[in-house]
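Peer 1: Provided below are the primary sequence and the corresponding predicted coordinates.
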Amino acid sequence: MKSSVTHLLLIESDPADAKVIKDALHDDSAAFVVEWVKSLAEALEYLVNNPIEVVLLDLALPDGKGLGAFDKVIAAAPDALILVLSSASDDELRRAAMERGAHDYFAKGHIDAHWLPRALNYILERKESRSALNDSEERFQVMSDASPLGIFLSDAQGDCIYTNAAYHTISGQTLDETLGTNWTEAIHPDDRQQAVKEWHAAVNKREPFLAEVRFVRSDNTMVWTRLNAAAINSKANKKAQGYVQIVEDISDRKAIETILRVSEDALFDQQERAQVTLNSIGDAVLTTNLAGKISYLNRTAETMTGWSLKEALGLPLEDVFKVIDADSRQPPPNPVRRALKANKTIKLPSNCLLVRRDGAEIPIEDSIAPIRNRLGAISGAVIVFHDVSDARAMAKKILHMAQHDVLTGLANRTLLTERLTRALGLAKRKQKKIGLLFIDIDNFKNINDSRGHAVGDRLLQIIARRLESVVRVTDTVCRQGGDEFVVLLTEIEHSEDAAHVADKMIAAFAAPQQIHEQPIAVTLSIGISLYPNDGSNVDALFQRADSAMYRAKMCGRNNYQFYSSGVNTPLIAATDSAPRPQANTSS
């Protein structure tokens, strides 16, 4: 959290107003160094060579008024936190400045030495918390890039929003080249139409998508790949919000399949070399004759099935290669007969399990193809399969990490934004309300500093579980970052419903929390914004719930406040455990 000196530029033409602000920060001079300029011209000149962390900008300067002045300051100090100063009646001007990037605002005549430095410190600490969240997202990218499997994340339309390093190696494209492209663009034109057809069939059946296609790399070379894709579904309505695709380079395996398709005479002449090759690859290889009897297993196939080549020779395929559907527990139709009848390469269903000789079950992916002799006649079939336990676990883990906070397991800001966007569409159609609760843990920094980060982390986990316990399963609890949480209440009837949930949350922490047999008092400051009352889009609802939470802080903490656009509107909510104060509101 914030501990160093903060440099603040005050742009204020009125000496009396400037004195009020400088005096308010005077007692906190160890934390703030204030530079005062009286005009926009002086401010822009000062910002050229002087780094500034915070700017307090009067929107009624003699040489620059309103949004024009704000645009010039934010262009000169793009990394600074800019807070605007305005009169109590400039509500529309303040709202426009917030939409252009202002972090907050202060109304002249409502500034005092008690809360101004605290408000500034709180804003700076919140910025640090959000920077920590960005660091967490960077760690996720490092883990993703360490995966040997290519990862392609797309939105609901199939357009790329992220690819990892392994995908760049396989496709020959950079991240910038993949972003915004459709998942089919890397596929060889001869394979694309069939892949798209199979993709639509899988989506319609809500099944994972599996395909083996050729990728055309940026240098026009070709690589065989196995695609394994699944939808990122909403828990609320099961509708796909995007897709995750795992891409594996299978060029070596395809080369082996080519070897196995040569005529029996050529295979016999090269048997020793093929034997060495087949036993050196990681995929299991099994062949049968036309009658479906085992004629060959490589070493990987022996290990995976539990049968040695000597024991398996001549046995029916079903005795050695026992496969069942993971859901129905029934065997699928004989794959060799299907491949021979179709006279082409086929695949088992995506959720098949191989039952080893000892009864162990292994998730597998495979391909079954006819074997032809030198005259072109079919003489048997080859099955190439491999264990996909690690790939499936990796895909599931990466998908979860992309949407959830590592410490608490709650939804992260990305997943919450997706659900809020969807909820807004449903609420509009059904004429319902939506509540967004912005929650901050009061004095969490003191707990973290005095008890240590391990206790702080454990407390955040307890708080996460407690918040989940007081909402419906259709609602979403999100960890925004640091000690900030956000709760989405979908399809509520009245604003009182949101107030009731806030009361339950505050009541849930009425008794101290016990960590390592030590009591820790926890209170919450909660800000509430409502759709459609306070905004019709994601950003507006977030900003106004944040502003309402900040006002709850200013009103003594351990309470909740609804957002109100009027500066002098009385507070409309407080906790049942404390008197309901009356004070000025701010958005």
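Peer 2: Structure's in. What do you need?
Peer 1: where's F485, which helix or strand?
Peer 2: strand 484-492 (DSSP states H and E).
Peer 1: list the buried residues for the next helix or strand after that strand?
Peer 2: Per DSSP H and E, strand 484-492 leads on to helix 495-508 as the next helix or strand towards the C-terminus. By 16 or more other CB atoms under 10 Å, the buried positions in helix 495-508 come out as 495, 498-499, 501-503, 505-506. Glycine gets a C-beta too; all of them are placed from N, C-alpha and C.
Peer 1: quick one: mean pLDDT for whichever helix or strand comes after helix 495-508?
Peer 2: Next in sequence after helix 495-508, counting helices and strands by DSSP H and E, comes strand 513-515. Strand 513-515 carries an average pLDDT of 87.
Peer 1: quick check: V196 touching T184?
Peer 2: Yes: using CB atoms under 8 Å, V196 is in contact with T184, at 6.0 Å.
Peer 1: picking up where we left off before, turn the buried residues of helix 495-508 into JSON lines, including pLDDT.
Peer 2: Shown next, in JSON lines, are these (pLDDT from 0 to 100):
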{"residue": "S495", "pLDDT": "89"}
{"residue": "A498", "pLDDT": "94"}
{"residue": "A499", "pLDDT": "94"}
{"residue": "V501", "pLDDT": "95"}
{"residue": "A502", "pLDDT": "95"}
{"residue": "D503", "pLDDT": "95"}
{"residue": "M505", "pLDDT": "94"}
{"residue": "I506", "pLDDT": "94"}
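Peer 1: out of those, flag the one nearest to L227.
Peer 2: The closest of the buried residues of helix 495-508 to L227 turns out to be V501 (CB to CB; 43.0 Å).
Peer 1: contact partners for that closest one?
Peer 2: When contacts are counted by CB atoms under 8 Å, 6 or more residues apart in numbering, V501 touches 435, 437, 470-471, 487, 489.
Peer 1: quick check: it vs Q194, distance?
Peer 2: 50 Å (CB to CB, to the nearest Å).
Peer 1: could you do P208 as well?
Peer 2: According to CB to CB, P208 stands 17 Å off from Q194.
Peer 1: ok, the two, which is more surrounded?
Peer 2: Per other CB atoms under 10 Å, whichever of P208 and Q194 has more neighbours is P208, with 16 against 12.
Peer 1: surely that one touches N233?
Peer 2: No: taking contacts as CB under 8 Å, P208 lies outside contact range of N233: 11.9 Å.
Peer 1: shaky segments in the stretch 1-150 of the chain?
Peer 2: 1-3, 27-30, 88, 109, 112-114, 131-138, 140-141 (pLDDT under 70).
Peer 1: hey, where'd the strands end up in it?
Peer 2: Using DSSP state E, counting those that start in this stretch, the strands found in the stretch 1-150 of the chain span residues 6-11, 32-37, 54-58, 60-61, 64-65, 81-86, 104-107, 150-155.
Peer 1: columns distance to K430 on top of these, output as JSON lines?
Peer 2: Below are these laid out as JSON lines (distance: least, CB to CB, whole Å):
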{"stretch": "strand 6-11", "distance to K430": "46"}
{"stretch": "strand 32-37", "distance to K430": "49"}
{"stretch": "strand 54-58", "distance to K430": "42"}
{"stretch": "strand 60-61", "distance to K430": "44"}
{"stretch": "strand 64-65", "distance to K430": "44"}
{"stretch": "strand 81-86", "distance to K430": "37"}
{"stretch": "strand 104-107", "distance to K430": "34"}
{"stretch": "strand 150-155", "distance to K430": "24"}
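Peer 1: now those in JSON lines, with distance to N164 and mean neighbour count?
Peer 2: Below are these laid out as JSON lines (distance: least, CB to CB, whole Å; neighbours: other CB atoms under 10 Å):
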{"stretch": "strand 6-11", "distance to N164": "38", "mean neighbour count": "22"}
{"stretch": "strand 32-37", "distance to N164": "43", "mean neighbour count": "18"}
{"stretch": "strand 54-58", "distance to N164": "37", "mean neighbour count": "24"}
{"stretch": "strand 60-61", "distance to N164": "49", "mean neighbour count": "19"}
{"stretch": "strand 64-65", "distance to N164": "47", "mean neighbour count": "18"}
{"stretch": "strand 81-86", "distance to N164": "33", "mean neighbour count": "22"}
{"stretch": "strand 104-107", "distance to N164": "37", "mean neighbour count": "21"}
{"stretch": "strand 150-155", "distance to N164": "4", "mean neighbour count": "21"}
